[in-house]
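**Q** Coordinates only, no sequence provided:
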Ligand code: UDP
């Protein structure tokens, strides 16, 4: 049961900026809307201005403020400082009792820092993930660590994530194991299969082929690593006429240029625009193999029962590797090629992967997170009422 909150004291402000943040906060926002006395304000930094609109519909709520902090070619520092400057008057106007950030983006770091500097407590969804390498993923690993220092409430997806935070000195009563809301988001979307005509056309073109779906956008792989991975995949598809490669191309200009340079006009290679969530999940369901450096995709494959080669040197989501749905493919330069070249072992592993209990969360994760926020706010009210 939620307490009745005095005016303003039940006001939560979500700061989001990218597609994975929208996917993951959407079911939490839906749960909060059902709780008495809670009011939600959603602020979009528009860090991914081009990718986000296709995901607004997931929210089932209006975006109250669009900060327009992104501009082409700006540095991370420019994005961070513009976001901070734009957030400050919004926090003053909204006067939230709690600011909520999700994950590891520059928007999330800006939301947490802006909250701290306005003396507003911060809650962090997807807390406690670590690769252990401050530069991988860059800048996300460090963003996430800094957010842990700034937040007052930490929603850890797994018991391991909680243990990590406690080992770093975060007080135990501040860290809850809630699961990651991505699992509920995914299941909600899968209930209504995508009617996207682009997806339908693509699936038709892929009939009789084994589709490999590639997503790649990590900054730390720009240059030689990205080029080598793309060339490896081009070679594999050329040598294996029963396979095809589908790439929803990330709009980052560096990624786009590399993909177009290496993969344009290759037989059985489909370069497509990014898809909305339902269509992308439809594509993953049709995949024979997924190759990706995405964080969210590592969380999704267990629920989809699809094999994933993780194009990273290190992962902050080892649970996907431990349950056997994912394998690391970027720990050394030739690892992806080695894994693909042993086609018998690859096929055996692919055939063995099936839907398993998702280690990152379940359908109740959004409700647990919403309840944690309500509880935190009611304690704030109790504390405030002690002040004479
Ligand atoms: N995704 C999508 N459409 C696409 C590519 C990805 O909906 O064309 C989804 C994907 O299922 C996952 C999220 O976007 O939930 C991952 O986003 P991204 O890889 O950009 O970020 P990360 O998860 O690495 O932070």
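**A** Yep, it's here. Model, not experiment: these values are computed from the prediction. Residues are numbered from 1 along each chain as shown.

**Q** CA atoms for contacts and neighbours, from now on please.
**A** Will do.

**Q** so residue 326 sits right up against residue 299, yeah?
**A** No: with contact defined as C-alpha atoms under 8 Å, residue 326 does not count as touching residue 299 (9.9 Å).

**Q** so the residue of the stretch 101-250 of the chain found nearest the ligand bridges to which residues?
**A** Across the stretch 101-250 of the chain, no residue is closer to the ligand than residue 248, which sits at 5.1 Å (C-alpha to the nearest ligand atom). For residue 248, the beta-bridge partners are residue 272 (DSSP bridges).

**Q** wait, it sits on residue 276?
**A** No: the criterion here is C-alpha under 8 Å, and residue 248 misses it with residue 276 at 10.4 Å.

**Q** intersection of neighbour lists for residue 326 and residue 299?
**A** Shared contacts of residue 326 and residue 299, defined by C-alpha atoms under 8 Å, 6 or more residues apart in numbering, comprise residue 320.

**Q** So if I had to pick from the two, which one is more boxed in?
**A** A direct count of neighbours by other C-alpha atoms under 10 Å for residue 326 and residue 299 places residue 326 higher, at 25 against 21.

**Q** tell me the phi and psi of the more buried one?
**A** Backbone torsions of residue 326, given as degrees, to the nearest 10, read phi -130, psi 150.

**Q** Excluding residues flanking it in the chain, which one is nearest it?
**A** Spatial nearest neighbour of residue 326, chain neighbours left out: residue 308 (4.6 Å); criterion: C-alpha to C-alpha, 6 or more residues apart in numbering.

**Q** near the ligand, which residues of the stretch 151-300 of the chain?
**A** 248, 274, 275, 276, 277, 280, 294, 295, 296, 297 (C-alpha under 6 Å from any ligand atom).

**Q** again, 5 Å this time
**A** Residues of the stretch 151-300 of the chain lying near the ligand by C-alpha under 5 Å from any ligand atom: 274, 275, 276, 277, 280, 294, 295, 296.

**Q** Any chance of those in a markdown table with secondary structure as columns?
**A** Output for these, formatted as a markdown table (DSSP: H, G, I helix; E, B strand; the rest coil):
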| residue | secondary structure |
| --- | --- |
| 274 | coil |
| 275 | coil |
| 276 | coil |
| 277 | helix |
| 280 | helix |
| 294 | coil |
| 295 | helix |
| 296 | helix |
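
**Q** Out of the residues you listed, which comes closest to residue 143?
**A** Checking those against residue 143 by C-alpha to C-alpha gives residue 295 as the nearest, at 14.3 Å.

**Q** quick one: contacts for the closest one?
**A** residue 317 are the contacts of residue 295 under C-alpha under 8 Å, 6+ apart.

**Q** per-residue confidence for it?
**A** For residue 295, the model assigns a pLDDT of 97.

**Q** again with residue 9
**A** 74.

**Q** I'd assumed residue 99 was in contact with it.
**A** No: with contact defined as C-alpha under 8 Å, residue 9 does not reach residue 99; the gap is 12.0 Å.

**Q** So between those two, which is more surrounded?
**A** Higher neighbour count among residue 9 and residue 99: residue 99, with 27 against 20, using other C-alpha under 10 Å.

**Q** I'd say that one and residue 123 touch.
**A** Yes: using C-alpha under 8 Å, residue 99 is in contact with residue 123, at 6.1 Å.

**Q** thinking again about what came up before, the residue of the stretch 101-250 of the chain closest to the ligand: neighbour count?
**A** For residue 248, using other C-alpha under 10 Å, the count is 17.

**Q** Equivalent analysis for residue 242, please.
**A** Counted with other C-alpha under 10 Å, residues neighbouring residue 242 total 12.

**Q** Ok, residue 109 next?
**A** Around residue 109 there are 27 residues (other C-alpha under 10 Å).

**Q** sec struct for it, please.
**A** Strictly by three-state DSSP, residue 109 counts as helix.

**Q** show me the residues around it that make contact.
**A** For residue 109, the contact set (C-alpha under 8 Å, 6+ apart) comprises 101, 143, 144, 146, 147.

**Q** run the last query once more with 7 Å
**A** 143, 147 (C-alpha atoms under 7 Å, 6 or more residues apart in numbering).

**Q** how close does it sit to residue 144?
**A** As judged by C-alpha to C-alpha, to the nearest Å, residue 109 and residue 144 stand 7 Å apart.

**Q** same check, this time on residue 28
**A** For residue 28 relative to residue 144 (C-alpha to C-alpha), the value is 20 Å.

**Q** Show me what the longest helix seen in the chain is packed against.
**A** In the chain, with assignment by DSSP state H, the single longest helix is helix 365-386. Counting contacts by 3 or more C-alpha pairs under 7 Å, 6 or more residues apart in numbering; DSSP states H and E, helix 365-386 packs against helix 19-33.

**Q** So for the helix it packs on, mean pLDDT?
**A** The average pLDDT within helix 19-33 is 96.

**Q** any idea of the angle it forms with helix 365-386?
**A** Helix 19-33 and helix 365-386 meet at an angle of 60 degrees, taking axes from the mean of the first three to the mean of the last three C-alpha atoms, to 10 degrees as the criterion.

**Q** what sits up against helix 19-33?
**A** Contacts for helix 19-33 (C-alpha under 7 Å, 6+ apart): 16, 38, 51-52, 55, 58-59, 102, 181-182, 184-185, 296, 366-367, 369-370.

**Q** how far does the following helix or strand past it sit from the chain's center?
**A** Next in sequence after helix 19-33, counting helices and strands by DSSP states H and E, comes strand 39-44. Relative to its parent chain, strand 39-44 has a centroid offset of 19 Å by C-alpha atoms, centre = their mean, to the nearest Å.

**Q** what's the answer for stretch 24-41, then?
**A** 19 Å.

**Q** so does it get close to the ligand?
**A** No: using C-alpha under 5 Å from any ligand atom, stretch 24-41 never reaches the ligand; the gap is at least 7.9 Å.
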